[in-house]
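Participant: Fold the following and give me the result.
(chains A and B)
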Amino acid sequence: MADIGYIALFLALVASIYSAIAFILGARGKHPGLTHSARNSLLATSGLVSISVAVLVYALVTHDFQIEYVASYTSRDLSLAYLLSALWAGNDGSLLFWAWLLSLFATVVVLQKRDIGKELVPYAASIIMVIQAFFLILLLLVSNPFQKLPFTPAEGLGLNPLLENPWMVFHPPTTLAGYVGFTIPFAFAMAALLTRRLGDEWLITIRRWTLLAWLLLGVGNITGAWWAYVVLGWGGYWAWDPVENASFIPWLVATAFLHSIKMQRRRGMFKVWNMVLIILTFVLTIFGTFLTRSGIIASVHAFAETPLLGNLFLTFIGVTLFGSLGLLYYRREELTDEAETESLVSRETTFLLNNLLIVGAAFAIFWGTIFPVISEAVRGVKISVGPPFYNQVSGPIFLAIILLIGVCIVIGWRRASVKNLVGNFVWPLLVALMLGITLLILGIREWYVLIAFFVCNFVLLTIVYEWFRGTRVRHQMRAENYLKAFLGLIWANKPRYGGYMVHIAIIFIGIGVIGSVYDVETEATLIPGESMTIKEYTLTYENLDSYETQSKLVAAATLSVYNKGKLIGELIPQRNFHWRQEQWLSEVAVRTTLLEDLYVILIGWDKDGTTAFKVHVNPLVVWIWIGGGVFVLGGVIAFWPDRRELPTARKPRARAK
Amino acid sequence: MLKKKKFLIGGIIVFLTIGYLGFIGFQSSATYYYEVSELLQQGSSVYGKNVRVNGQVAPGSLEQEAAGRILRFTIIDREESLPVVYQGHVPGTLKVGGDVVVEGYLNPLGIFQAHTLMPKCPSRYVPSQ
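Facilitator: Okay, here's the model as predicted:
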């Protein structure tokens, strides 16, 4: 059975290489027959990789422990969902999953009906197939998920209990799909460079692909943070770990790209810059994968140190980066901007500044992440930088970016008049100031917190005010009620209002992050009946209950929670011993309100009944998850197929000389 | 031309600001990262300095006190060993024989006072053998 999977991968490699060559030859020599066979070959690649995924899934579900991968990541007691999630739980499986997603995306690319960008497809498909071939080579040479053991174990090692969490079924595939998704815009960018069709068509073709990949990677990051918060039990959600950074950096660069392609569509500006951004985004996704798999940088996530895998990745990154930048340099003459920024006070400036800041933040985070490697190469000592570095650098930058969101909305294209500026600014500004003063009265004294909340409130109000004005106009013009007018407004211009919603989501997340300034934590050792206090909460330790299940020994402590003397509920943190992995794992108990989280960890206990707890009160954390929800909603609205896409897409063409 | 200059100056200001923020942040959080034997080679010069040390949790060395709030263990590399004391929540992924990065300082008694434990969970991408 396993052989079928391996053979399918090998045939897929042959088909993908043929497809990559035939696409180019067919398109260059104008042989429709050859292009057609390249297309079929691409579909065959996709089918073959699907077969090998099916073989692995079948092996996982039927507990075929002779396959090393199955024995390493599953056991008989796992439920079906976790058995399936084992497909991406390990290095080899997740690379196969990657290759599979890429082949599916490639299939969609060639099957999609399109009016614009048809000429680009063969070239883009060829590039996708080259990348596909690279991943297939990795699978065949280094990370074979079908590797057989010399014997068949009676039972597998089981899934890491940390990964036995509903969010873990969700987080890796979304993150990976986001990573893989950026291959498509990159391929079209290269196709545009190769064919010299450097107008708007490639941008039109990739807008929704980029949005999809960006959305998935964003969701992947947020679910990863959520998982860290509820499972890892250290009280936080983001540790600036190299692996977290590795998926955050390409997301940032892609954010810059999504904004600056809008400038190219509208004004014909930033053409070279856009190419650079999409090349960087793609290379950074590969770099992120390299970082996760090569063991080059110490991280809490542990990795197989397989030098060959690392070297193959480095070679691929080098070839991609220099190849694509070289091609860009070669075509630079054809990428001159059609317009210049006319005024310092204009929407163009805010976009430019936003791009500089986002890329600057991405660069700073990148620098911090790879610093241990650089310092070792230069000075022979490893120096790593911790969370304070990232917080101090990115905090002010992100705040400035949020401020720009607000400024951008009220400022017009080209040149803004002072009068309309004041008109748009004044209400949000006044209300935000009043909220700021309220916070001051409520006892918040840290100047940077006051500034941060003021900025967030101001920008939030600007967006709300903009929505309100749009709704009012529609209400008056069409005599619709306010709700209908509001929904109609969103539906009439989905990319724009979806974008606004994503901005609101970013502000919510920002508010949640700012709340972390006021995190408090305390530790206590209690015997049943004793209490501890943190802020206005009193926690009384009732008892420690323990029982065994098939997979673990469960120890659950019950605490009664009082707020200012009033009983508000029970929290039951657990600490469980997982037999198979011989591993203790805490399960935190969290009580969430819109204002703050009460987060309790059971640390351990002595035989005499004294039990140790760690308790955090984390203000405003829930806004990060609410922001995540709004992010998805806004992203989906912006992504939703829009019939108006074609006419607006033609507009800039009419303008072009 | 004047406009271009303005934008150039603006861009330079933005990058200098980011660079400055980075420098300040770097000064406050740059930490040496050693293997166990590398740390011990530094001698008394590292006493009290915040450093990160990578090593393996020595078999049989894990001891808990005060209901699990205080943890003692030894980390080793191929040559040397280092006793570590840690207070706080112990991540579930800390395992005997597993790799761990500890952050804290070495005191003159030769005991490493850790304030952060970062176990590398070996089962995420590699099966524990």
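
Participant: If we ignore the residues flanking it in sequence, what's nearest the one residue in chain B that gets nearest to chain A?
Facilitator: Using C-beta to the nearest C-beta, B:Gly68 is the residue of chain B that sits closest to chain A, at 1.9 Å. Where you see a C-beta, it was placed from the backbone N, CA and C, and this is true even at glycine. Closest residue to B:Gly68 apart from its sequence neighbours, by C-beta to C-beta, 6 or more residues apart in numbering or on different chains: A:Gly604 at 1.9 Å.

Participant: Beta-bridge partners for the one you found, please?
Facilitator: Following DSSP bridges, A:Gly604 is listed with bridge partners A:Ala612.

Participant: what residues does the stretch 1-150 of chain A put near chain B?
Facilitator: Applying C-beta under 8 Å from any C-beta of the partner chain, we find that the stretch 1-150 of chain A lies next to chain B at A:68, A:71-73, A:89-91.

Participant: let's see it at 10 Å
Facilitator: Contacts of the stretch 1-150 of chain A with chain B, taken as C-beta under 10 Å from any C-beta of the partner chain, map to A:68-69, A:71-73, A:89-94, A:143.

Participant: hmm, which two among these are most spread apart?
Facilitator: Farthest pair in those (C-beta to C-beta) is A:Ala71 and A:Ser94. Separation: 16.9 Å.

Participant: helix/strand/coil for A:Leu404?
Facilitator: Judged by DSSP: H, G, I helix; E, B strand; the rest coil, the three-state class of A:Leu404 is helix.

Participant: quick one: contacts for it?
Facilitator: Each residue near A:Leu404 by C-beta atoms under 10 Å, 6 or more residues apart in numbering or on different chains is listed here: A:349-351, A:353-355, A:357-358, A:411, A:459.

Participant: Would you mark the buried spots in the helix or strand that contains A:Phe363?
Facilitator: Using DSSP states H and E, A:Phe363 maps to helix A:347-379. For helix A:347-379, burial by neighbour count (16 or more other C-beta atoms under 10 Å in any protein chain shown) applies to A:347-372, A:375.

Participant: coming back round to it: I'd like the residues of the stretch 1-150 of chain A next to chain B as TSV, with secondary structure, neighbour count and distance to B:Lys4 appended.
Facilitator: Below are those laid out as TSV (DSSP: H, G, I helix; E, B strand; the rest coil; neighbours: other C-beta atoms under 10 Å in any protein chain shown; distance: C-beta to C-beta, whole Å):
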residue	secondary structure	neighbour count	distance to B:Lys4
A:Glu68	helix	21	60
A:Tyr69	helix	30	57
A:Ala71	helix	23	63
A:Ser72	helix	26	59
A:Tyr73	helix	27	57
A:Ala89	coil	26	53
A:Gly90	coil	26	53
A:Asn91	helix	23	49
A:Asp92	helix	22	52
A:Gly93	helix	26	52
A:Ser94	helix	22	47
A:Ser143	coil	24	50
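
Participant: Can you report phi and psi for residue 46?
Facilitator: In the absence of a named chain, chain A is used. Dihedral pair for A:Ser46: phi -60, psi -40, per degrees, to the nearest 10.

Participant: you looked at the wrong chain, it should be chain B
Facilitator: Backbone torsions of B:Val46, given as degrees, to the nearest 10, read phi -100, psi 0.

Participant: quick one: it from A:Phe371, how far?
Facilitator: 20 Å (C-beta to C-beta, to the nearest Å).

Participant: ditto for A:Ile409
Facilitator: 37 Å.

Participant: what's the neighbour count on the nearest residue to A:Phe486 once chain neighbours are set aside?
Facilitator: Leaving aside its sequence neighbours, A:Phe486 sits nearest to A:Thr471 (C-beta to C-beta, 6+ apart; 4.5 Å). Residues lying near A:Thr471 (other C-beta atoms under 10 Å in any protein chain shown) number 20.

Participant: before we move on, what about A:Arg469?
Facilitator: Using other C-beta under 10 Å, A:Arg469 has 12 neighbouring residues.

Participant: check contacts around it.
Facilitator: Going by C-beta under 10 Å, 6+ apart, A:Arg469 touches A:424, A:489.

Participant: So is the helix holding A:Phe363 next to chain B?
Facilitator: Yes. Using C-beta under 10 Å from any C-beta, helix A:347-379 reaches chain B at A:348-349, A:352-353, A:356-357, A:359-361, A:363-365, A:367-368, A:371-372, A:375-376.

Participant: Now do A:Ile444: how many residues are near it, please.
Facilitator: Neighbour count of A:Ile444, defined by other C-beta under 10 Å: 15.

Participant: which intervals of chain B have sub-threshold pLDDT?
Facilitator: Applying pLDDT under 70 to chain B flags residues B:1-3, B:121-129.

Participant: Of all the residues in the stretch 51-200 of chain A, which one is nearest chain B?
Facilitator: A:Ser72 (3.4 Å).

Participant: returning to what we had before: output the contacts of A:Leu404 in CSV, with distance to A:Phe322 and pLDDT appended to each entry.
Facilitator: Converted to CSV, the contacts of A:Leu404 look like this (distance: C-beta to C-beta, whole Å; pLDDT from 0 to 100):
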residue, distance to A:Phe322, pLDDT
A:Thr349, 33, 83
A:Thr350, 33, 85
A:Phe351, 29, 87
A:Leu353, 30, 89
A:Asn354, 28, 90
A:Asn355, 23, 91
A:Leu357, 27, 92
A:Ile358, 24, 94
A:Ile411, 39, 77
A:Val459, 40, 92
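
Participant: Next, format those residues as JSON lines and append distance to A:Leu157.
Facilitator: Listed next are those as JSON lines, based on distance: C-beta to C-beta, whole Å:
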{"residue": "A:Thr349", "distance to A:Leu157": "57"}
{"residue": "A:Thr350", "distance to A:Leu157": "53"}
{"residue": "A:Phe351", "distance to A:Leu157": "51"}
{"residue": "A:Leu353", "distance to A:Leu157": "52"}
{"residue": "A:Asn354", "distance to A:Leu157": "47"}
{"residue": "A:Asn355", "distance to A:Leu157": "47"}
{"residue": "A:Leu357", "distance to A:Leu157": "46"}
{"residue": "A:Ile358", "distance to A:Leu157": "42"}
{"residue": "A:Ile411", "distance to A:Leu157": "58"}
{"residue": "A:Val459", "distance to A:Leu157": "49"}
